[in-house]
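>>> Here you go, sequence then predicted model.
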Amino acid sequence: MKTKTSKLAKLERNRKSILTDDLKHCFICKQSPVDIHEIYSGSNRKASMENNFCIPLCREHHQFATINSLFNMQLKRLCQTKFEETHSRVEFMQIIKKNYLE
């Protein structure tokens with residue numbers, strides 16, 4: 001099993017969300033406890049943590065987000081829309097390399 005670097009572990013501990021200030025309750029159903037879900041995963045997971053593209057999800061909604069592509073796409077679009085309220089699409093494209101709004 002691959003071990004985490006201290007930098008990655010610190011990023012994981014300090015995750016925030018541009019979509020909510022409440023990281024203790026599920027973004028969808030308001031239940032707790034929660035897992036912190038990186039909206040853009042895979043090669044963009046670190047960028048998600050660095051740019052606060054994370055949301056708290058209860059275990060049920062976290063699992064649903066990973067298996068339901070429509071729900072996952074809705075989260076990506078919501079996050080990009082929120083980011084573009086204060087930044088440009090060019091900035092988003094530099095970070096994530098893909099536009100989810102067109």
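Thanks, I have it.

>>> residues in contact with R59?
P33, D35 (CB atoms under 8 Å, 6 or more residues apart in numbering). Placement of C-beta: from N, CA and C, glycine included.

>>> Repeat that for the one 3 residues further on.
Neighbour list for H62: V34, D35, H37 [criterion: CB under 8 Å, 6+ apart].

>>> how close does the nearest residue to the last one once chain neighbours are set aside get to E12?
Beyond its immediate neighbours in the sequence, the residue positioned closest to H37 (CB to CB, 6 or more residues apart in numbering) is L57, lying 4.7 Å away. Distance, L57 to E12, using CB to CB, to the nearest Å: 15 Å.

>>> When these two are compared, which one has more neighbours?
More crowded of L57 and E12, by other CB atoms under 10 Å: L57, with 23 against 15.

>>> Verify the contact between the more buried one and A65 for me.
Yes. Counting by CB atoms under 8 Å, L57 touches A65, with 6.1 Å between them.
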